[in-house]
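# output the structure for:
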Amino acid sequence: MLLLSSLFVVSTSVVSGFFAPPWCQVAGGQLRTDGSGLKQWQGWDFKGNTVESSKTPGGIDQCNMKCRFSDDCEFFVLDTDKNCVLKNDYTSKARSNKKTTYAFCPEPTDLPTPSPTESPTDGNSCGVEALDTRVNLAVAVKKGQKTPVTLEDEDKDPVCECAELCDGEGSDIFQYYSKVKKGKVSASCKCMSLGKKLKAKSKSGWTAGALTSQAKKAFNKMKVKVSKKDKKNQGGGK
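Numbering: from 1, shown residues only. Next up, the predicted model:
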């Protein structure tokens, strides 16, 4: 079981590449400049399990959409004849003059570099295993079910309690957030099911977690939007 109460807390914002999957860690990839958020490995064919193979007259954009809307696609390979191959379970890479591999892998510099410090723990373990938990991150689902739940156990880590409650609801994602108002801490928890699209943005005091394998895949694909406040903290704002 994962001890949510002893997770590492990021002091600024979650770096979208901080939990980078293995295919995003392959050296040599370059982030495309078209704003798609895709990282490309020119002249490389990534090996793995083939999910789907088809002709895509629309090229990169069409192949990318196929991958984003597939529950099993983790990266895709496009050749010079516009043959699109959706893949997962990366194993290795091989040189190819005709093929280029693409994956949604935002650069770690999209958000401030984290300064991890271990959060306090009361020693209580969490009764649910979260597959991917990210702090200072707010997520939103399009056409997915959203259910607010009440946190009642004052002795339990609130993030852990939120995860447990949402797991009990059969949800894919839990979203915990807290804020201080008039000197009092107000905490909330929301359980969500995956819809057609998952959006994310950096937001202090929020924690999102994937409770199912489908949600974890969606977390790996989502692009994190940096808030104006975080951009200003990085020195990019005025």
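
# from Leu211, how far out is Lys47?
With distances taken as C-beta to C-beta, to the nearest Å, Lys47 is found 30 Å from Leu211. From N, CA and C alone the C-beta is placed, and that goes for glycine too.

# for these two, indicate the residue with more neighbours.
Higher neighbour count among Lys47 and Leu211: Leu211, with 25 against 15, using other C-beta atoms under 10 Å.

# excluding chain neighbours, give the residue nearest to the more buried one in space.
Excluding the flanking residues, the one nearest Leu211 by C-beta to C-beta, 6 or more residues apart in numbering is Asp167, at 5.4 Å.

# give me the element that neighbour is part of.
Following DSSP states H and E, one finds Asp167 within helix 158-168.

# list the buried residues for that helix?
Residues Pro158, Val159, Cys160, Glu161, Cys162, Ala163, Glu164, Leu165, Cys166, Asp167 are the ones in helix 158-168 that count as buried (16 or more other C-beta atoms under 10 Å).

# what lines up beside the helix or strand following that helix in the sheet?
Per DSSP H and E, the first helix or strand lying C-terminal to helix 158-168 is strand 173-181. Strand 173-181 has the following strand partners under DSSP bridges: strand 184-192 (antiparallel), strand 197-210 (antiparallel).

# closest one to Gln30 among those strands?
Closest to Gln30 of the strands paired with strand 173-181 is strand 197-210 (C-beta to C-beta; 22.9 Å).

# now that closest one, how far from the chain's geometric center?
Between the centre of strand 197-210 and the centre of its chain there are 8 Å (C-alpha atoms, centre = their mean, to the nearest Å).

# could you dump the longest strand along the chain to CSV, C-alpha only?
The longest strand of the chain (DSSP state E) is strand 83-104. In CSV, the C-alpha atoms belonging to strand 83-104 read as follows (Å, rounded to 0.1, in the frame of the first residue of the first chain):
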residue,chain,number,x,y,z
ASN,A,83,1.3,5.4,-41.6
CYS,A,84,0.4,5.9,-37.9
VAL,A,85,1.1,3.2,-35.3
LEU,A,86,-0.2,3.7,-31.8
LYS,A,87,1.9,1.9,-29.2
ASN,A,88,2.4,1.3,-25.4
ASP,A,89,4.7,-0.6,-23.1
TYR,A,90,8.0,1.0,-24.4
THR,A,91,10.9,-1.5,-24.5
SER,A,92,13.6,0.0,-26.7
LYS,A,93,14.3,2.2,-29.7
ALA,A,94,15.8,1.6,-33.2
ARG,A,95,17.2,3.9,-35.9
SER,A,96,14.9,4.4,-38.9
ASN,A,97,15.3,6.9,-41.8
LYS,A,98,11.5,6.8,-42.5
LYS,A,99,10.0,6.8,-39.0
THR,A,100,9.7,9.4,-36.2
THR,A,101,8.3,8.7,-32.7
TYR,A,102,6.1,11.2,-30.9
ALA,A,103,4.8,11.4,-27.3
PHE,A,104,3.1,13.9,-25.1
